[in-house]
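**Q** Below are the sequence and a predicted model for it; my questions follow.
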Amino acid sequence: MTMKTPLPPLDIIHLAVVIIWISYYCVRLIQHSRNHVFLKMPWLILWIIGYVFGLCYIINNYSAQIYWQHALQSLTDFPITVIIKLIVFSLVTFLFFYTLHFYSPFDNAWYGEVIVTTLLGISFIIVTSLWMQLLPFRILFWVGDILLFVNSMFALAVLLHLFKQSNNKVIPTIEHIHFIWFTSCNLFAGVSLLFTTISAIDGLMTQRLNVRDNWLELGYMTYTLALICMAVLTSPDEFIYWTGYPLRLLRIRKLNKLYFYILSSISIPERYPLSPYRIGQQTEYAIYERVISILDLYPFLDSNDDVFQQLRRIESQYDLYLDCAEALVYVKVPDFKIY
């Protein structure tokens with residue numbers, strides 16, 4: 001393949017997205033540099049992740065890889081671009097696992113970094129072994145995509161495992177939203193790698209000479225969605241909090257269930273009836289109103305009621321309203337009927 005052939009339309013779009021991404025980060029860097037926490041943890045690591053993920057998108061393109069591989073041909077025929085691609089993708093996940101240590105539900109989750117590092121080492125050995133057998137670059141490119149998919153699925157499994165472990169722990173809203181966006185980013189990246197892996201497996205089985213096919217193009221388009229998720233993840237907290245509106249609606253629903261369970265279990269009437277929440281109203285006030293009402297009424301529950309025990313522990317454990325509000329969402333409420 002020579003680089004004198006015209007770039008496919010998707011590569012032109014890819015180049016445009018790269019330019020937009022770099023421009024976006026220049027603006028965000030200027031904005032964020034004015035913040036006094038710019039060089040503090042974990043925000044510094046999160047910004048580094050964003051830059052590295054942008055680099056992932058830049059190199060996740062066959063035309064770009066083959067161009068750099070040809071540029072390095074005079075130095076070595078070793079598949080440096082394949083190894084760099086594996087390293088950069090692994091670095092993103094490694095750094096995110098590292099930032100989880102700053103959040104209490106995940107502060108002991110040390111095994112994420114070990115798994116990522118081990119998978120990267122195994123991938124390097126596999127690629128090197130195949131290169132020593134004098135296989136052409138397109139074969140190594142396909143193998144690299146397959147290894148990326150396998151590594152990504154392992155990382156996603158670890159993330160979901162950590163998320164499952166945190167279900168019974170209190171996670172502040174903004175951190176929860178960060179976690180959801182990063183998981184979405186990994187999910188789209190995983191789907192993208194699935195498409196590119198299908199293309200790679202088909203290429204290895206048919207030994208076709210043309211690397212590009214519809215599956216590979218679809219994988220590149222899907223990866224753009226992952227980049228969008230990363231852009232949201234690195235956007236200002238005010239915007240990220242706005243994207244968590246569906247999550248806050250879910251919390252209002254859970255607080256409603258807890259509130260009406262208490263009402264159905266006590267003999268006194270509502271002291272201050274809740275105003276029904278309507279889409280478009282401020283979620284913060286609706287959550288505040290429900291939290292205060294729950295804390296006001298729950299002492300009238302039977303002391304042997306499991307919900308009473310849970311609420312008493314929460315009230316004694318958390319002094320701040322925000323912590324208490326987060327904890328109430330995780331209260332287990334039995335099924336009940338409202339009469």
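**A** Yes, it's here.
**Q** what residue ranges in the stretch 151-300 of the chain score low on pLDDT?
**A** 163-174, 271-272, 279-281 (pLDDT under 70).
**Q** That one: helices as residue ranges?
**A** Using DSSP state H, counting those that start in this stretch, the helices found in the stretch 151-300 of the chain span residues 173-206, 214-233, 237-243, 245-265, 283-297.
**Q** Summarise which helices and strands the first one is packed against.
**A** Secondary structure elements in contact with helix 173-206, counted by 3 or more Cβ pairs under 8 Å, 6 or more residues apart in numbering; DSSP states H and E, are helix 137-165, helix 214-233, helix 237-243, helix 245-265. Glycine gets a C-beta too; all of them are placed from N, C-alpha and C.
**Q** residues in contact with stretch 298-311?
**A** Residues outside stretch 298-311 that contact it (Cβ atoms under 8 Å, 6 or more residues apart in numbering) are 258, 261-262, 265-268, 294-295, 312, 328, 331-334.
**Q** low-scoring stretches of the stretch 1-150 of the chain, by residue?
**A** For the stretch 1-150 of the chain, the stretches with pLDDT under 70 are 1-7, 38, 42, 103-109.
**Q** Kindly recompute the last result at 90.
**A** For the stretch 1-150 of the chain, the stretches flagged by pLDDT under 90 are 1-81, 89-116, 134, 137-138, 148-150.
**Q** the helices in it, which residues?
**A** 9-33, 43-59, 62-71, 80-99, 111-132, 137-165.
**Q** What is the nearest of the contacts of stretch 298-311 to residue 33?
**A** Taking Cβ to Cβ as the measure, residue 328 is the one of these closest to residue 33, at 38.0 Å.
**Q** Test for you: state the pLDDT assigned to the closest one.
**A** Listed pLDDT for residue 328 reads 87.
**Q** Please tell me I have it right and it contacts residue 257.
**A** No - using Cβ atoms under 8 Å, residue 328 makes no contact with residue 257, being 10.8 Å away.
**Q** So for those two, which sits in the more crowded spot?
**A** More crowded of residue 328 and residue 257, by other Cβ atoms under 10 Å: residue 328, with 25 against 14.
**Q** can you tell me which residues contact the more buried one?
**A** Per Cβ under 8 Å, 6+ apart, neighbours of residue 328: 255, 258, 291, 294, 311, 314.
**Q** and if we set it to 7 Å?
**A** 255, 258, 291, 294, 314 (Cβ atoms under 7 Å, 6 or more residues apart in numbering).
**Q** and if you look at residue 217?
**A** Residues counted as contacts of residue 217 (Cβ under 7 Å, 6+ apart) are residue 10.
**Q** Kindly provide the distance from the closest residue to residue 11 other than its chain neighbours to residue 148.
**A** Computed as Cβ to Cβ, 6 or more residues apart in numbering, the closest residue to residue 11 that is not its neighbour in sequence is residue 63, at 4.9 Å. Note on residue 63: its distance to residue 148, by Cβ to Cβ, to the nearest Å, is 17 Å.
**Q** Between these two, which is the more surrounded one?
**A** The neighbour comparison of residue 63 against residue 148 (other Cβ under 10 Å) goes to residue 148, with 25 against 19.
**Q** got the end-to-end distance for stretch 228-246?
**A** 19 Å (Cα to Cα, to the nearest Å).
**Q** what sits up against that stretch?
**A** 24, 28, 46-47, 50, 53, 173-174, 177-178, 181-182, 184-185, 188, 283.
**Q** can you do 8 Å?
**A** By Cβ under 8 Å, 6+ apart, stretch 228-246 touches 21, 24, 28, 31, 46-47, 49-50, 53-54, 173-174, 176-178, 180-182, 184-185, 188, 283.
**Q** Tell me, how many residues neighbour the closest residue in space to residue 80 that isn't next to it in sequence?
**A** In space, and not counting its chain neighbours, residue 80 is closest to residue 72: 5.7 Å by Cβ to Cβ, 6+ apart. When counting by other Cβ under 10 Å, one arrives at 14 neighbours for residue 72.
**Q** Count the neighbours of residue 285 for me.
**A** Neighbour count of residue 285, defined by other Cβ under 10 Å: 11.
**Q** that older thread, closest to residue 121 out of the helices and strands packed on helix 173-206?
**A** Within the helices and strands packed on helix 173-206, the stretch nearest residue 121 is helix 137-165; the backing value is 10.9 Å (Cβ to Cβ).
**Q** Report all helices and strands that that closest one contacts.
**A** With 3+ Cβ pairs under 8 Å, 6+ apart as the test, helix 137-165 has helix 62-71, helix 80-99, helix 111-132, helix 173-206 packed against it.
**Q** Make CSV out of these and add distance to residue 14.
**A** Output for those, formatted as CSV (distance: least, Cβ to Cβ, whole Å):
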stretch, distance to residue 14
helix 62-71, 8
helix 80-99, 15
helix 111-132, 24
helix 173-206, 12
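**Q** what's the closest of these to residue 157?
**A** The closest of these to residue 157 is helix 111-132. By Cβ to Cβ, the value is 9.1 Å.
**Q** Contacts for the closest one, please.
**A** For helix 111-132, the surrounding residues in contact (Cβ under 8 Å, 6+ apart) are 78-79, 82-83, 86-87, 90, 93-94, 97-98, 100, 139-140, 143-144, 147, 150-151, 154-155, 158-159, 162.
**Q** Report the buried residues of that helix.
**A** Along helix 111-132, these residues count as buried under the neighbour rule (16 or more other Cβ atoms under 10 Å): 112, 113, 115, 116, 119, 120, 123, 124, 126, 127, 130, 131.
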